[in-house]
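In: what follows is a predicted protein model with its sequence.
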Amino acid sequence: MRFMMIVKANADSESGMLPSDEMVSKMMDYNTMLAKAGVLVDLNGLQPSSKGARVKFSNGQTTVTDGPFAETKELLAGYWVIRADSLEEAIAWARQIPFDGSPDTIEPEVEVRQIHELEDFASPASIARAKQIEALMVK
């Protein structure tokens, strides 16, 4: 099973503040640990919402709103995608993230969510089509 560990944005990440060299080093150690354990699939930090946009779909219309977005509790600052056998195992990995409440990590919050697999969408035709799309994806 794949799980996404989602780092919630805070005022610092939304301001574009980058972590200290010490925090970057701790995160690199953590990322290395995940990779050596064979569970790391993907990871990235995200630029602040001021550098992004939202595309809303409603009644056949699309609306684009440029960032920044007011409510940081609803925003993401980064993520990891890992492989784990259970939610409990994914949580155990999340508990090891080196967020310690220091000024670099003011009240960090990480949400852990299981990712749907192709098999969750039952239809053999849908699964076959999804595999075709997956083959075209940039890796």
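Out: Received it, and whenever you're ready, just let me know what you need.
In: every contact and neighbour count from this point should use C-alpha atoms.
Out: Will do.
In: ok, longest helix in the protein?
Out: When the chain is parsed with DSSP state H, its longest helix is helix 21-36.
In: and the next helix or strand after that helix with helix 21-36, angle?
Out: Stepping forward along the backbone from helix 21-36, the first helix or strand reached (DSSP states H and E) is strand 40-45. For strand 40-45 against helix 21-36, the angle between stretch directions is 160 degrees (axes from the mean of the first three to the mean of the last three CA atoms, to 10 degrees).
In: give me the sheet partners of strand 40-45 and which way each runs.
Out: Strands adjacent to strand 40-45 in the sheet, as given by DSSP bridges, are strand 76-83 (antiparallel).
In: need the three-state assignment for Met17.
Out: Here Met17 is coil, with the state taken from DSSP: H, G, I helix; E, B strand; the rest coil.
In: how many other residues sit next to it?
Out: If you count neighbours by other CA atoms under 10 Å, Met17 ends up with 12.
In: then Glu119?
Out: Close neighbours of Glu119, defined as other CA under 10 Å, add up to 10.
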